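Visitor: Task: produce atomic coordinates for the following.
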Amino acid sequence: MPEKDKNPVDISTSSTTNNYITRTNTEVDLVPENPKPDIQEESKLPPLDKGYSWVIMFACFINTIFGFGSFSAFGVFQTYYLKITFLNVPAETIAWISTLSIFFTDAGGLLAGPIIRRLGIRYTSILGTIVATTGLLLASFSTKVWQLALTQGLIFGLGCSIIVNIAYTVPAFWFDKHRGFAIGTVASGGSFGSLIIVPIVTNISNSHGIGWSFRVLAILFFVATLVGGMLLKPRTEYKPVNKVIEFELLKDPVTIMICVISFFAEIGFSVPMLYFPASLIDIGVKKDLATNMIMVFSAFSATSRILSGYLAQRISAENIVIVSHFISGTIMMAMWYTSRSFGVYLAFYILFGMFSIQFFSLGPVMIANYYDDDKISQVNGISYLAMGVAILVGVPSIGAIFQKYGKRRDYSQIIAITSACYLISIIFLVGLRYYVKKRKLS
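Guide: Predicted coordinates for the structure are as follows:
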């Protein structure tokens, strides 16, 4: 007779639905500590993938329209600052405005968990609305770089971070079969938001100045995210960990690799978003057309985010991101770096819109699959902290390179750097895919 296993595994505690990673004695526990509710208890909960689940998806979609859609308007603001408002201010100084805004939007998400524990999901989201709107209103009266860094950067960023963290976390509680599609659709909100926000900001800044652009954006932001926040609620009682950072997660290889990928992906994505409209102007494109090109990017980006979420239900999310990052890094050098033709630039921007954003759509899907519900918000926050650090370190440095070596007209150096960021991220994506598969089988 075959020898019995000397270390039998208790199936009831070693695996869990929608978690690829199993528990070991030396790694972070990524599976539920408490047993799942029995069938009778589960039947009393709202159903997954139907009914109010779609209301949740809609509410989170609305919030990301303005939470991340506002970033697209920063391309308009950045161009306005570089070409009109701060002509005599160094590019690396101007870069601090958008740098701080993106940094606090990313890193501030870690505050969401402890606040949710005290106020609940709905009122925490509404708090984010109030803070972010205040930042936009104060920015409308700002005339100096440091004032915009404080208002558009710090205040707006912190409020926005709470809204975004919740928007990416809550759908995981309400969806199982259609989780990839739901989170992908929510992630597409930022791209659809560009189609709404960019033309409004562009037209108002041309006719009434940048101050009124901020004020109108503040009104739209307040109304939309207030409605979205009021529709939110957890499917079951949700008590995230009462810590800004759970340091045990920082020791886990999966969290580490996700953070490294987040770091490089954020730099690779942010630089074209901030500098591509200005590069169009430098090849002879009119300012209005250059900023309106952001809408072209956003249309293809929105479609791609939804499609990637749908495909993630059938294809590994990691594989989708690997292919997308390879294409993004390659076309950046093959098209943006080598050409000064508007036609080539247009083709590049369309392709970049389709492939550059897949990690931002599928990263939350991967995290929701790897971790239990009470850790999703925390890991999302840590991932966005890595993105914030990338912005804080990368964008000012690239602005300095653009100022010193590019003389504010040569984009070749920063294009090469951002292309390298996408290609480097592939190494860690492959490592993540291999490690998750290995741990799943162990």
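
Visitor: The one helix or strand Arg433 maps to - contacts with which helices or strands?
Guide: Taking DSSP states H and E as the criterion, Arg433 maps to helix 412-441. If you count contacts as 3 or more CB pairs under 8 Å, 6 or more residues apart in numbering; DSSP states H and E, helix 412-441 packs onto helix 253-282, helix 317-331, helix 373-404. Yep, even glycine has a C-beta here, placed from its N, CA and C like the rest.

Visitor: average model confidence for that helix?
Guide: For helix 412-441, the mean pLDDT works out to 89.

Visitor: Would you pull up how far it lies from the middle of the chain?
Guide: 17 Å (CA atoms, centre = their mean, to the nearest Å).

Visitor: on that earlier part again, with respect to Val164, which of the helices and strands packed on helix 412-441 lies nearest?
Guide: helix 373-404 (7.7 Å; CB to CB).

Visitor: elements contacting that closest one?
Guide: Right, helix 373-404 is packed against helix 91-107, helix 112-119, helix 156-169, helix 171-174, helix 253-282, helix 358-370, helix 412-441 by 3+ CB pairs under 8 Å, 6+ apart.

Visitor: what do you get if the cut-off is 6 Å, keeping everything else the same?
Guide: With contacts defined as 3 or more CB pairs under 6 Å, 6 or more residues apart in numbering; DSSP states H and E, the packing partners of helix 373-404 are helix 91-107, helix 156-169, helix 253-282, helix 358-370, helix 412-441.

Visitor: Which among those helices is found nearest to Ile62?
Guide: Across those, closest to Ile62 is helix 156-169 (CB to CB), at 8.7 Å.

Visitor: on that earlier part again, in a markdown table, list the helices and strands packed on helix 412-441 along with mean neighbour count and mean pLDDT.
Guide: Putting these into a markdown table (neighbours: other CB atoms under 10 Å; pLDDT from 0 to 100) gives the following:
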| stretch | mean neighbour count | mean pLDDT |
| --- | --- | --- |
| helix 253-282 | 23 | 89 |
| helix 317-331 | 21 | 94 |
| helix 373-404 | 22 | 82 |
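
Visitor: May I see those organised as a markdown table, with distance to Gly109 added?
Guide: A markdown table is the format used below for these (distance: least, CB to CB, whole Å):
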| stretch | distance to Gly109 |
| --- | --- |
| helix 253-282 | 12 |
| helix 317-331 | 20 |
| helix 373-404 | 4 |
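
Visitor: To Gly128, which of those lies closest?
Guide: Comparing these under CB to CB, the one sitting nearest is helix 373-404, at 13.4 Å.

Visitor: rewinding a little: closest to Thr129 out of the helices and strands packed on helix 412-441?
Guide: helix 373-404 (18.0 Å).

Visitor: ok, Arg305 touching Ser361?
Guide: Yes: when contacts are counted by CB atoms under 6 Å, Arg305 is listed as touching Ser361 (4.4 Å).

Visitor: Identify the contacts common to these two.
Guide: By CB atoms under 6 Å, 6 or more residues apart in numbering, Arg305 and Ser361 have these common neighbours: Gly184, Ala187.

Visitor: If you count neighbours, what's buried in the helix holding Arg433?
Guide: 414-415, 417-426, 428-429, 432-433, 435-436, 439 (16 or more other CB atoms under 10 Å).

Visitor: Arg122 is nearest to which of the helices and strands packed on helix 412-441?
Guide: Using CB to CB, the helices and strands packed on helix 412-441 put helix 373-404 closest to Arg122, at 14.7 Å.

Visitor: what angle separates the closest one from helix 156-169?
Guide: 140 degrees (axes from the mean of the first three to the mean of the last three CA atoms, to 10 degrees).

Visitor: Quick one: distance of helix 373-404 to the chain centre.
Guide: For helix 373-404, the distance to the chain centre is 10 Å (CA atoms, centre = their mean).

Visitor: Just the angle for that helix relative to helix 253-282, thanks.
Guide: 40 degrees.

Visitor: Which residues does the helix or strand where Phe71 lies contact?
Guide: Assigned by DSSP H and E, Phe71 belongs to helix 69-80. Here helix 69-80 makes contact (CB under 6 Å, 6+ apart) with 98, 190, 193-194, 197-198, 201-202, 210, 273-274, 277-278, 291, 294.

Visitor: and which of those is nearest Phe222?
Guide: Of the contacts of helix 69-80, the one sitting nearest to Phe222 (CB to CB) turns out to be Ile197, at 13.7 Å.

Visitor: Can you pull out the low-pLDDT segments for the chain?
Guide: Along the chain, segments meeting pLDDT under 70 span 1-43, 72, 75, 240-244, 291, 441-442.

Visitor: Hmm, Ile97 is touching Gln147, no?
Guide: No: in terms of CB under 6 Å, Ile97 does not count as a neighbour of Gln147; the distance is 9.4 Å.

Visitor: who's more crowded, these two?
Guide: In this view Ile97 and Gln147 are compared by other CB atoms under 10 Å, and Ile97 has more residues nearby, 25 against 15.

Visitor: Look up how far Leu289 lies from that one.
Guide: Look at Ile97 and Leu289: by CB to CB, to the nearest Å, they are 23 Å apart.

Visitor: how about Ile315, secondary structure?
Guide: coil (DSSP: H, G, I helix; E, B strand; the rest coil).

Visitor: gap between it and Lys437?
Guide: Ile315 is 15 Å from Lys437, by CB to CB.

Visitor: okay, which residue is most central for the protein?
Guide: Phe360 (4.9 Å; CA atoms, centre = their mean).

Visitor: so Lys177 touches Asp49, yeah?
Guide: Yes: counting by CB under 6 Å, Lys177 does reach Asp49; the two are 5.0 Å apart.

Visitor: Give me the more crowded residue out of these two.
Guide: More neighbours surround Asp49 than the other of Lys177 and Asp49, with 14 against 11 (other CB under 10 Å).

Visitor: Now do the more buried one against Phe348, distance only.
Guide: 38 Å.

Visitor: got the contact list for Ala182?
Guide: So Ala182 contacts Met57, Pro171, Phe175 (CB under 6 Å, 6+ apart).

Visitor: Which single one of those residues is nearest to Ala299?
Guide: Closest to Ala299, out of all of the contacts of Ala182 and judged by CB to CB, is Met57, at 20.5 Å.
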